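Engineer: Give the three-dimensional model of this entry:
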Amino acid sequence: MSALGAGFGKLWAAALGSNLADGIARLAIPLMAVSLTQDPVAIAVLSALAYVPWLIFGVPAGMIVDRIDRRRAMGAANAVRVLAAAGVALAVETGHATLGVLAAAVLVFGIGETLFDNATNAVLPSLVGRGGLDKANGRIQAAQVGVDMFVATPISGVLFAIAAVLPLVVSGAGYLVAMGLVLALPAVAAHASAPGAAPGEAAPRVSLTDALLFLWRHRYLRSMVLVTSVIGGLLAFAQAITVLLFVDRFGVTAQLVGIVTAGIGLGGVAGALTAGAVVARLGRGRTLLSASVLGGAGLFAVGFAPNAWTAVLAYAIGAYGVALWNVPWGSLRQALVPGHMLGRVIGAARTVAWGLMPLATMLGGWVARADLQLPYLIGGGATVMVSLAAARLLLSADAHMPTDDAAIEPTRDEAPPVVVAAVAAPEAEPEAPRP
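Structural biologist: Numbering: from 1, shown residues only. The predicted structure is shown next:
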């Protein structure tokens, strides 16, 4: 981490702690739900609720991140999640855990994640500069995917097998550790300066309308948000009932679900850690196109998997592709948006994207009533087709990535038009496949 600075080291360690807590809670909630019901739609509802906070709180979170000390924003986000973990643990311990309690917890966890992740993305350029974005985003992505799936979920499965309350206790502790780390970040992480401002000079207040207009008028950024929204929705559709697939179709026990997701997580970690080298070799555009096709193809193959082993392998390939996508897309977005409005622009973009995901997840759960592997066939195959249809847009990414730290004016971008003619839907970066 030394090449990226001590400040980034603290942020990365906070990401480790926070994602460890996220991963433990994320597996524990559906395992609790499966013990209460085996209805695919009910399970899909819980999965869909994880996306709702971005729909209702994405833009407000961006406004908070741009207007207050971003370190305090991340600390407050984790404080909220500590309270949520304690609440669910109390409900489990007293025998009052219901689907309603689990749903409420998912929403609160999601609101905290919305604020924490938005602030993390907004802080990163201040800590590492534009030249370090790909490497830093790769490390952050590896922490998110690797700890979440490779470390947290196996731990969560074992803890749940010992006592249902234990994953929530450990999760709360992880959030507390991360909270201490983000509050210790250097002062440069507190706020971003406007382009051309003198060092230490506060950025002028920018209205939400101005931030939204920046996103709308930037033709290339707007087009990428739309395309990634479609892809994100298709991935959410495919993964609506992942835990149920492995438990019900492939007979994986609660104790071993974490081991299964760890295997999937290996693909995501590999994608995140190799993304910088792949971008350097292939270019940003070719990496984005190859990654989106690979992500869809991996999930499509899950639809044909005859057993858990082949499903994990196919899932890991899909996870590699999605993580490989997230790094260059995240760096491109951070480089194109002025730092002092980055929180609101990210919030607006993810509101559009994640607003589609709950609907897609619910639809995936409904389709899974016919066959648990059918959503993977449909969602994975459609992801490949959309990626190929948008190839011209994706391949032009290199021409739009700034090469220095010069200010970026919010002018209309002359990027090629989006060519996903038959596909209409809104955006956000797809996440690595996970239950």
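Engineer: where along the stretch 251-400 of the chain do the helices fall?
Structural biologist: 254-282, 284-302, 308-336, 342-368, 374-389, 391-395, 397-400 (DSSP state H, counting those that start in this stretch).
Engineer: for residue 401, what are its contacts?
Structural biologist: For residue 401, the contact set (CB atoms under 8 Å, 6 or more residues apart in numbering) comprises 284, 331-332, 335. The C-beta positions use only the backbone N, C-alpha and C, and glycine is treated the same way.
Engineer: One more: residue 346?
Structural biologist: For residue 346, the contact set (CB under 8 Å, 6+ apart) comprises 62, 118, 121-122, 333, 337.
Engineer: let's go with 10 Å and repeat that
Structural biologist: Residues in contact with residue 346 (CB atoms under 10 Å, 6 or more residues apart in numbering) are 58-59, 61-62, 65-66, 117-122, 211, 215, 330, 333-334, 337, 428-429.
Engineer: Neighbours of residue 163, how many?
Structural biologist: As a burial measure, residue 163 scores 11 neighbours (other CB atoms under 10 Å).
Engineer: Run a quick check on it versus residue 92, I expect a contact.
Structural biologist: Yes. Assessed by CB atoms under 10 Å, residue 163 is found in contact with residue 92 at 8.6 Å.
Engineer: Please determine how far residue 89 is located from residue 173.
Structural biologist: Separation of residue 89 from residue 173 (CB to CB, to the nearest Å): 11 Å.
Engineer: Neighbour count for those two, which is higher?
Structural biologist: residue 89 (22 against 16).
Engineer: how close does the closest residue in space to that one that isn't next to it in sequence get to residue 100?
Structural biologist: In space, and not counting its chain neighbours, residue 89 is closest to residue 168: 3.9 Å by CB to CB, 6 or more residues apart in numbering. According to CB to CB, residue 168 and residue 100 sit 16 Å apart.
Engineer: So for the two, which residue has more residues nearby?
Structural biologist: The residue with more neighbours, out of residue 168 and residue 100, is residue 168; 29 against 10, by other CB under 10 Å.
Engineer: Report the contact partners of that one.
Structural biologist: 21, 24-25, 28-29, 32, 84-93, 105, 156, 159-160.
Engineer: With residue 147 instead?
Structural biologist: Residue 147 touches 15-24, 153, 155, 174, 265, 269, counting by CB under 10 Å, 6+ apart.
Engineer: how close does it get to residue 66?
Structural biologist: Going from residue 147 to residue 66 by CB to CB gives 28 Å.
Engineer: picking that back up, pick the one among the contacts of residue 401 closest to residue 109.
Structural biologist: Nearest to residue 109 among the contacts of residue 401: residue 331, at 26.8 Å, using CB to CB.
Engineer: Quickly note the distance from the closest one to residue 166.
Structural biologist: According to CB to CB, residue 331 and residue 166 sit 38 Å apart.
Engineer: So which of these two has more stuff around it?
Structural biologist: More neighbours surround residue 331 than the other of residue 331 and residue 166, with 25 against 19 (other CB under 10 Å).
Engineer: In which helix or strand does the residue nearest to that one when sequence neighbours are not counted reside?
Structural biologist: Excluding its sequence neighbours, the residue lying closest to residue 331 (CB to CB, 6+ apart) is residue 133, at 3.9 Å. Taking DSSP states H and E as the definition, residue 133 sits inside helix 133-142.
Engineer: What residues sit buried inside the very next helix or strand once past that helix?
Structural biologist: Sequence order places helix 153-162 as the next helix or strand after helix 133-142, per DSSP H and E. For helix 153-162, the neighbour count (16 or more other CB atoms under 10 Å) marks 153-161 as buried.
Engineer: what would these look like in TSV with distance to residue 235 and pLDDT?
Structural biologist: Shown next, in TSV, are the buried residues of helix 153-162 (distance: CB to CB, whole Å; pLDDT from 0 to 100):
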residue	distance to residue 235	pLDDT
153	18	69
154	23	72
155	25	80
156	22	80
157	23	74
158	28	78
159	28	83
160	26	81
161	29	78
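Engineer: would you turn those residues into CSV with distance to residue 36?
Structural biologist: Formatted as CSV, the buried residues of helix 153-162 follow (distance: CB to CB, whole Å):
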residue, distance to residue 36
153, 20
154, 23
155, 22
156, 17
157, 17
158, 21
159, 18
160, 14
161, 17
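Engineer: ok, residue 132 - contacts?
Structural biologist: 3-5, 8, 124-125, 139, 276, 331.
Engineer: Kindly give a single PyMOL line that selects the buried subset of these.
Structural biologist: Per 16+ other CB under 10 Å, the buried members of these correspond to this PyMOL selection:
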select buried, resi 4+5+8+124+125+139+276+331
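Engineer: can I get the contacts of residue 132 in CSV with pLDDT and distance to residue 356?
Structural biologist: Conversion of the contacts of residue 132 to CSV gives the following (pLDDT from 0 to 100; distance: CB to CB, whole Å):
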residue, pLDDT, distance to residue 356
3, 66, 37
4, 70, 33
5, 73, 36
8, 86, 32
124, 83, 25
125, 82, 27
139, 84, 29
276, 86, 29
331, 87, 23
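Engineer: Can you give me every residue that contacts the residue nearest to residue 246 when sequence neighbours are not counted?
Structural biologist: Leaving aside its chain neighbours, residue 246 sits nearest to residue 252 (4.3 Å; criterion: CB to CB, 6+ apart). By CB under 10 Å, 6+ apart, the contact set of residue 252 is 157, 243, 245-246, 258-261, 308, 311-312.
Engineer: what phi and what psi does the backbone show at residue 252?
Structural biologist: Torsion angles at residue 252 (phi, psi; degrees, to the nearest 10) stand at phi -80, psi 130.
Engineer: Please work out the average pLDDT along stretch 391-409.
Structural biologist: Mean pLDDT, stretch 391-409: 75.
Engineer: what bits of the stretch 51-200 of the chain have low per-residue confidence?
Structural biologist: Residues of the stretch 51-200 of the chain meeting the criterion pLDDT under 70: 146, 148-150, 153, 192-200.
Engineer: where exactly do the helices run in it?
Structural biologist: Counting by DSSP H, counting those that start in this stretch, the stretch 51-200 of the chain has helices at residues 52-67, 70-93, 99-128, 133-142, 153-162, 166-183.
Engineer: so which of those comes closest to residue 226?
Structural biologist: Among the helices of the stretch 51-200 of the chain, the nearest to residue 226 by CB to CB is helix 52-67 (15.9 Å).
Engineer: Mind giving me the packing neighbours of the closest one?
Structural biologist: The contact analysis (3 or more CB pairs under 10 Å, 6 or more residues apart in numbering; DSSP states H and E) places helix 52-67 against helix 70-93, helix 99-128, helix 208-217, helix 342-368.
Engineer: Save these as a markdown table, and put in distance to residue 393 too.
Structural biologist: Output for these, formatted as a markdown table (distance: least, CB to CB, whole Å):
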| stretch | distance to residue 393 |
| --- | --- |
| helix 70-93 | 31 |
| helix 99-128 | 22 |
| helix 208-217 | 16 |
| helix 342-368 | 15 |
